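*Asks:* Generate a structure from the sequence data that follows.
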Amino acid sequence: MAATKVGILFLVLLFAAVYTPANVQVKACPLYCLDVEYMTCNSSGEKRLNPACNCCLAPKNCTLHLADGTSMNCK
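*Replies:* Residues are numbered from 1 along each chain as shown. Predicted structure coming up:
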């Protein structure tokens, strides 16, 4: 009886592994923060937003304005 349950569980797990979509995307971001003063995004115009640490964590089409006067466009 226990062997039958283990066999059925194995088949269910095998079926799930085979028929699960393989196009799952994972985003890994580096663990560092730039010296960002503020952020602007195309969707909010020129409004100064709370900054993200780096472009990996910022929304697409935003610009990070750094403390040294330079800026970084996030795509």
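
*Asks:* okay, how far is it across stretch 55-63, tip to tip?
*Replies:* One end of stretch 55-63 to the other measures 8 Å (Cα to Cα, to the nearest Å).

*Asks:* What is the distance between that stretch and the centre of its chain?
*Replies:* Counting by Cα atoms, centre = their mean, to the nearest Å, stretch 55-63 is centred 11 Å from the centre of its parent chain.

*Asks:* now stretch 67-75
*Replies:* With Cα atoms, centre = their mean as the basis, stretch 67-75 stands 20 Å off its chain's centre.

*Asks:* Quick one: mean pLDDT for it?
*Replies:* The average pLDDT for stretch 67-75 rounds to 96.

*Asks:* Which residues belonging to it are considered buried?
*Replies:* The neighbour-count check on stretch 67-75 (16 or more other Cβ atoms under 10 Å) flags C74 as buried. For every residue, glycine as well, the C-beta is placed using N, CA and C.

*Asks:* Cross-check the contact I'm expecting between H65 and C41.
*Replies:* No - between H65 and C41 there is no contact under Cβ atoms under 8 Å: 11.5 Å.

*Asks:* Could you identify the helix or strand that succeeds the helix or strand of the chain with the lowest mean pLDDT?
*Replies:* Scoring the helices and strands of the chain by mean pLDDT, DSSP states H and E places helix 2-19 at the bottom, with a mean of 65. Proceeding N to C from helix 2-19, the next assigned helix or strand is strand 36-41, under DSSP states H and E.

*Asks:* Distance-wise, check the residue lying closest to D35 once chain neighbours are set aside relative to V36.
*Replies:* Take D35 and drop its neighbours on the chain: the residue closest to it by Cβ to Cβ, 6 or more residues apart in numbering is A67, 4.3 Å away. Using Cβ to Cβ, to the nearest Å, A67 is found at 7 Å from V36.

*Asks:* Can you get me a residue count around S44?
*Replies:* S44 has 12 neighbours, counted by other Cβ atoms under 10 Å.

*Asks:* And it, how far from N50?
*Replies:* Distance of S44 to N50, given as Cβ to Cβ: 11 Å.

*Asks:* what does L34 give?
*Replies:* To N50, L34 is 14 Å away according to Cβ to Cβ.
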